[in-house]
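> This is a predicted model, with the sequence first.
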Amino acid sequence: MRVTLCAATYNRPQGLERLLTAVAALDPLDGEGTTLHVVIVDNSPEANARTTVEDFGKSYRWPLHYESEPRRGITYARNAALCKAEALGTDLVVFIDDDEYPAASWLNRLLARQRSSVAAAVQGAVLSVFPAGTPDWIIDGGFFDTQNAPDGAELDDAHTGNVLIDMAKVRRLGLSFDHRYALSGGEDTIFFRQLLEAGERIVYAADAVVFETVPESRARLGWLMRRWYRTGNIDAALFLRGRRSASWRPLGNLCRGTLRIAAGSALFAANLAVLGLGRRERIVRPLFTLCRGCGILASTLGWNYLEYRKVHGA
């Protein structure tokens, strides 16, 4: 079994070093004949990560490959990773982000779940690591939680920050990451939706854990609201695709966005009136619905938030 672990990186030298160090410390791989290659795709036009990867590669535990993809955008980097994995004769490709680092048992847990389920994709758990001084309401509110499903459950969504994918299914379906979402994000949502629409399955491995370092610039309300707005953009795009494309879908998006704005605003006002400034996580929660509605409405009118123009963290 040939496994390729892929990570895209863009001007996060500390995160990349932390990731490579943690990958080197993974438990020995289970399964006779299982091999691992590690691929780092550098999305900076200046190839800023080359020296770091080459230095690690001199004595790295696994074969370590450096790929430069100067075209700016997460889709270009992830498609470059898929191409390299294909060139390496990969059976299973695993994606992790450059602001994450895995637990020692992580990869074996993903592989075990894939063997038992024979699913096209296995989504692992992501636990957030917050900087000192993060407001309690952000942590208590669970605003950075990614999945809350039982171990082994089938999912209707997935993301590339900790996922294993069967390359044979990618190859058969001709899947790739859509460049229309290169800077906005959400390309992984579209990718995995296509996988599901083809009749494939995604399952959850609760014990396949990676840790995501949350930078201070993200641990604040303004960033959360922009992220929720962006999820509305992607929601609108998915609705327009639909199973049966129809001329009424843009109008449907306008209605969906407007209803969410109204509901979120009403709930926010009610919570504020009842709770005052206490239980801030409860007061903030309706803003998810409000911002998502704004994102749906705005995307339908052609206004999308390009989240990945700015890099958070180092």
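Perfect, thanks for sending it. Everything numeric in this text was worked out from a predicted model, so none of it was measured.

> wait, what's in contact with the residue nearest to R61 when sequence neighbours are not counted?
Closest residue to R61 apart from its sequence neighbours, by C-beta to C-beta, 6 or more residues apart in numbering: A24 at 4.7 Å. The C-beta positions use only the backbone N, C-alpha and C, and glycine is treated the same way. Residues near A24 by C-beta atoms under 8 Å, 6 or more residues apart in numbering: F56, Y60, R61, W62.

> From these, list just the buried residues.
F56, W62 (16 or more other C-beta atoms under 10 Å).

> ok, now how distant is the residue nearest to R61 from A205?
Separation of A24 from A205 (C-beta to C-beta, to the nearest Å): 22 Å.

> next one: S128
From S128 across to A205, the span is 18 Å (C-beta to C-beta).

> cool, and L29?
16 Å.

> more crowded one of the two?
A205 (27 against 16; other C-beta atoms under 10 Å).

> Correct me if wrong: the more buried one contacts A121.
No: between A205 and A121 there is no contact under C-beta atoms under 8 Å: 10.5 Å.

> which residues in the stretch 51-200 of the chain form helices?
All helices of the stretch 51-200 of the chain, identified by DSSP state H, counting those that start in this stretch, fall at 74-87, 106-117, 136-140, 167-173, 187-197.

> will you turn those helices into a markdown table that also has distance to P150 and mean neighbour count?
Listed next are the helices of the stretch 51-200 of the chain as a markdown table, based on distance: least, C-beta to C-beta, whole Å; neighbours: other C-beta atoms under 10 Å:
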| stretch | distance to P150 | mean neighbour count |
| --- | --- | --- |
| helix 74-87 | 28 | 22 |
| helix 106-117 | 12 | 20 |
| helix 136-140 | 23 | 15 |
| helix 167-173 | 24 | 15 |
| helix 187-197 | 19 | 20 |
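
> can you tell me which residues contact the residue nearest to A112 when sequence neighbours are not counted?
Nearest in space to A112, with sequence neighbours left out and distances taken as C-beta to C-beta, 6+ apart, is D30 at 6.9 Å. Each residue near D30 by C-beta under 8 Å, 6+ apart is listed here: N108, L111, A112.

> and D30, how far is that from L36?
From D30 to L36 the distance is 11 Å (C-beta to C-beta).

> Return the distance of D157 relative to D98.
D157 is 22 Å from D98, where distance means C-beta to C-beta.

> higher neighbour count, the two?
Summary of the neighbour comparison: D157 and D98, criterion other C-beta under 10 Å, with D98 having more neighbours (29 against 14).

> Give me the neighbour count for the nearest residue to the more buried one once chain neighbours are set aside.
The shortest distance from D98 to any non-neighbouring residue, by C-beta to C-beta, 6+ apart, is to T9 (4.1 Å). The number of residues packed near T9 is 23, by other C-beta under 10 Å.

> Report the beta-bridge partners for T9.
Beta bridges link T9 to D42 when assigned by DSSP bridges.

> was I right about it contacting G15?
Yes: taking C-beta under 8 Å as the definition, T9 is a contact partner of G15 at 7.4 Å.

> okay, and the common contacts of these two?
Here T9 and G15 have D98 as joint contacts, going by C-beta under 8 Å, 6+ apart.

> Can you give the domain ranges for the protein?
The record's domain parsing of the chain by automatic domain parsing lists 2-213, 221-309.

> Of the ones you listed, flag the one that's most buried.
domain 2-213 (a mean of 19; mean count of other C-beta atoms under 10 Å).

> Any chance of a markdown table for the helices of the stretch 51-200 of the chain, columns distance to V284 and mean pLDDT?
What follows is these, written out as a markdown table (distance: least, C-beta to C-beta, whole Å; pLDDT from 0 to 100):
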| stretch | distance to V284 | mean pLDDT |
| --- | --- | --- |
| helix 74-87 | 27 | 97 |
| helix 106-117 | 31 | 97 |
| helix 136-140 | 7 | 90 |
| helix 167-173 | 38 | 96 |
| helix 187-197 | 23 | 93 |
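
> Select, out of the ones you listed, the one closest to A266.
Nearest of the helices of the stretch 51-200 of the chain to A266, taken as C-beta to C-beta: helix 136-140 at 21.0 Å.
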